[in-house]
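> Here is the input, now give the coordinates:
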Amino acid sequence: MNGRMLLSALLSSALLIACSGGGGSPTSPAPIVPTPGSAAWLPLIPEVISSGGVAALTLQAAFDSNGRPSFFWNGQKAAPTIRVQPGDTIQLTFVNTLPEFCAVGVQSNSNLHFHGFTSSPDAPGDDVITTLAAPGQTLNYTVVVNTDQPPGLYWYHAHPHGLSSYEVGNGMAGAIVVEGIANEVPATAGLRERVIVLSDIPNDPSFSAGESGRLRRSSRVHAADDDEGGNPCRAETDATPMINGIPMASIGIMPGEKELLRVVNTSGHRHFDIAVDGQSLDLVAQDGVPIHDYAGAPQSLTVPSVVIPPAGRAEFIVTGRSTPAALISNCYQSGPAGDANPAIVLGTLTNDHGTSGSETTSVRVRQRLSSIRKPLFYREPLPAPAATQLIHFQEDANGFYLNGVQYSASAAPMITSHAGTVEEWTLENDTDEVHVFHPHQVHFVVKSINGVPQPNPHWLDSFDIPPQGHTAAGNLVPSLTKVLMDFRDPVIVGTFVFHCHILDHEDGGMMAKIQVI
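Next comes the predicted model:
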């Protein structure tokens, strides 16, 4: 047994002593999950809709009947979609009834992150550093939706360092919709809308199995050391891709009808490269922000497919045909040491709205808002960068690092930035796999990759940093991705984090603090 295998075995054995008692789920039946290949209608996700400017709900974290950490809402296993308008407030009570974990180096606290929001990083808002609930404790979040928040798809999910991959990967995540996209993208007005939550649920829900998977992935530093390396299309056996909680779904759309699909990737580490067989996608928004909110960008982009990394969102218009069309995810190349992302069929766009009529009622129609929001920071031309930063993404058999350091909640901020400015960050990937860059509180624009300017720049909050490559002489050379980080909105003043959103990488240390003053 080599050193890496020994380390993995020892840590996996230690993790098996995690406590298993306590924190049972409320009494409610587990959802019926059709067998793969079935053609059930795309399930309707329950919703919490703001009223009087407030979206109020209580979420409980507990084990479901299968032993998975899950969200429960109104006594049922569910992660409702939260619908708000700019300027609204989300008042969310989070009750942690998950059990205590006894594994060495693992804290059993939990919390929430409101992903993509330009909002305060201070408690009782979107703080993941100090706002934590131990088993049996309750958190009360008050998250103000910025009046400048672009209309689009966002999401909320668990974010306890060390347990993020386990909790999010097993399904502790839900969508948030900021209304008003019809005001900014007229092509969406009057269209039926679908919120689609993609996940990749581990076949073994136990924490020790998930941690063993992380250790196995972290040891793939060189593809030559791993029988699985270099084959991202290999069959994956440790997780099952899901669309709104089932393995495959029928999506009703009549011939010639246009619909807006709003897709979020809530998986811990799987990429989805989404395509509809036989047609291009009309991409109108990504990571919550309409494409044209970036100065000079078009209303939409016509693309054959769209890669949605873990944490990413894509909103696009599709057109119904007279014959069924497959909604697929193409194989995604994540690097010689990266995770498997084989091609799969997620569902079928079929020229039917459901014989029972229930499928018709599971969608909304986009309408314009009557209120007019103040001008967006996102639409204003970016000023020249006020500072530059260099961030190294690194890994070895012992974990993952930013600038050679693993995350510590007690550490000082790695970077201090100034509100009202824009910075140019160079993201250097010194590894053989993709890493998904995600900063809390802000969006960014990708300027170039390996010196090549990026076409069609627009706002993002999650982006794949390519793996290292080789020179003509065969020498390894890190990839270099330059992004423009937007710190202009004063609401974000405070301390928050940035990290790799392949969550076992974040749990393994690939996260750091930034302070905006």
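> which residues touch the residue most central in space within the chain?
Centroid-nearest residue in the chain, with CA atoms, centre = their mean: residue 311, separated by 1.3 Å. Counting by CB atoms under 8 Å, 6 or more residues apart in numbering, residue 311 touches 115, 155, 265-266, 436, 438, 461-462, 501. For every residue, glycine as well, the C-beta is placed using N, CA and C.
> Which positions within stretch 286-296 qualify as buried?
When burial is assessed from 16 or more other CB atoms under 10 Å, stretch 286-296 yields the following buried residues: 286-294.
> oh sorry, the question was meant for stretch 435-455
435-447, 449.
> Show me the two of these that sit farthest apart.
441 and 449 (23.8 Å; CB to CB).
> contacting residues for the residue nearest to residue 53 when sequence neighbours are not counted?
Among residues not flanking residue 53 along the chain, residue 88 sits closest, at 5.1 Å (CB to CB, 6 or more residues apart in numbering). Counting by CB under 8 Å, 6+ apart, residue 88 makes contact with 50, 53-55, 144-145.
> And the contacts of stretch 317-326?
Looking at stretch 317-326 with CB under 8 Å, 6+ apart, the contacting residues turn out to be 187-188, 191, 253-261, 276-279, 281-282, 284, 300, 345, 347-351.
> just the buried members of those residues?
187-188, 191, 253, 257-261, 276, 281-282, 284, 300, 345, 347-351.
> Okay, buried residues for the one helix or strand residue 183 maps to please.
For residue 183, the enclosing helix or strand under DSSP states H and E is helix 181-184. For helix 181-184, the buried set under the neighbour-count rule, 16+ other CB under 10 Å, comprises 181-184.
> Averaged pLDDT, the helix or strand just after that helix. What do you get?
As assigned by DSSP H and E, the chain's next helix or strand after helix 181-184 is strand 192-202. Across strand 192-202, pLDDT averages out at 95.
> what pairs with strand 192-202, and is each one parallel or antiparallel?
With DSSP bridges as the test, strand 192-202 is paired with strand 239-243 (antiparallel), strand 258-265 (parallel), strand 364-365 (antiparallel).
> contacting residues for residue 158?
61, 69, 110-113, 164, 167-168, 172-173.
> let's see it at 6 Å
By CB atoms under 6 Å, 6 or more residues apart in numbering, the contact set of residue 158 is 110, 167-168, 172.
> ditto for residue 439
residue 498.
> how far away is it from residue 391?
According to CB to CB, to the nearest Å, residue 439 and residue 391 sit 10 Å apart.
> Ok, residue 343 next?
32 Å.
> These two: which has the busier surroundings?
Counted by other CB atoms under 10 Å, residue 343 and residue 391 do not tie: residue 391 has more neighbours, with 19 against 12.
> The more buried one and residue 427 touch, don't they?
Yes - contact criterion CB atoms under 6 Å: residue 391 and residue 427 qualify, at 5.3 Å.
> in the protein, which segments are predicted with low confidence?
For the chain, residues meeting the criterion pLDDT under 70 lie at 1-39, 102-107, 210-237, 353-375.
> how does it divide into domains?
Segmentation of the chain into domains, based on automatic domain parsing, reads 3-185, 383-516.
> For those domains, could you give me CSV that also reports distance to residue 336?
Listed next are the domains of the chain as CSV, based on distance: least, CB to CB, whole Å:
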stretch, distance to residue 336
domain 3-185, 16
domain 383-516, 5
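> Residue 334 is nearest to which of these?
Using CB to CB, the nearest of the domains of the chain to residue 334 is domain 383-516, at 4.7 Å.
> okay, how far is it across the closest one, tip to tip?
18 Å (CA to CA, to the nearest Å).
> just stretch 472-492 next, same as before
End-to-end distance for stretch 472-492, by CA to CA: 44 Å.
> Give me the distance from it to the chain's centre.
From the chain centre to the centre of stretch 472-492 is a distance of 19 Å (CA atoms, centre = their mean, to the nearest Å).
> do stretch 451-458 as well
Here stretch 451-458 is found 22 Å from its chain centre; the criterion is CA atoms, centre = their mean.
> And for stretch 76-91?
Distance, centroid of stretch 76-91 to centroid of chain: 17 Å (CA atoms, centre = their mean).
> Same question for stretch 492-507.
Chain-centre distance of stretch 492-507: 12 Å, with CA atoms, centre = their mean.
> do stretch 509-516 as well
18 Å.
> Can you give me the buried ones in that stretch?
Buried-residue list, stretch 509-516, by 16+ other CB under 10 Å: 509-514, 516.
> Stretch 59-67 now?
59-64.
> Looking at those residues, which one is closest to residue 78?
Nearest to residue 78 among these, with distances taken as CB to CB, is residue 59, at 9.1 Å.
> right, and the helix or strand after the one helix or strand the closest one maps to?
Using DSSP H and E, residue 59 sits in strand 54-63. Proceeding N to C from strand 54-63, the next assigned helix or strand is strand 69-73, under DSSP H and E.
> Point out the other helices and strands that the helix or strand that comes right after that following strand packs with.
Downstream of strand 69-73, the first helix or strand assigned by DSSP H and E is strand 76-77. For strand 76-77, there is no helix or strand it packs on, judged by 3 or more CB pairs under 6 Å, 6 or more residues apart in numbering; DSSP states H and E.
> Starting from strand 76-77, tell me which strands it pairs with and how they run.
Partners of strand 76-77 in its sheet, by DSSP bridges: strand 69-73 (antiparallel).
> ok so, going back, run the angle between the strand holding residue 59 and strand 69-73 for me.
Using axes from the mean of the first three to the mean of the last three CA atoms, to 10 degrees, one finds that strand 54-63 and strand 69-73 are set 140 degrees apart in direction.
> I would like the residues contacting strand 54-63, please.
So strand 54-63 is in contact with 23, 25, 48, 71-73, 82, 84, 89-98, 110, going by CB under 6 Å, 6+ apart.
> Quick one: buried ones out of those residues?
By 16+ other CB under 10 Å, those give 23, 25, 48, 71-73, 82, 84, 89-92, 94-98, 110 as buried.
> Just those residues: which are in strands?
48, 71-73, 82, 84, 89-92, 94-96 (DSSP state E).
> what two of the residues you listed are the furthest from one another?
84 and 96 (23.7 Å).
> if we can go back for a sec, hey, C-alpha coordinates of the helix holding residue 183 in CSV?
The C-alpha trace of helix 181-184 is given here as CSV (Å, rounded to 0.1, in the frame of the first residue of the first chain):
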residue,chain,number,x,y,z
ILE,A,181,-36.6,39.1,-16.0
ALA,A,182,-39.4,40.0,-18.4
ASN,A,183,-38.6,43.7,-17.7
GLU,A,184,-35.0,43.2,-18.8
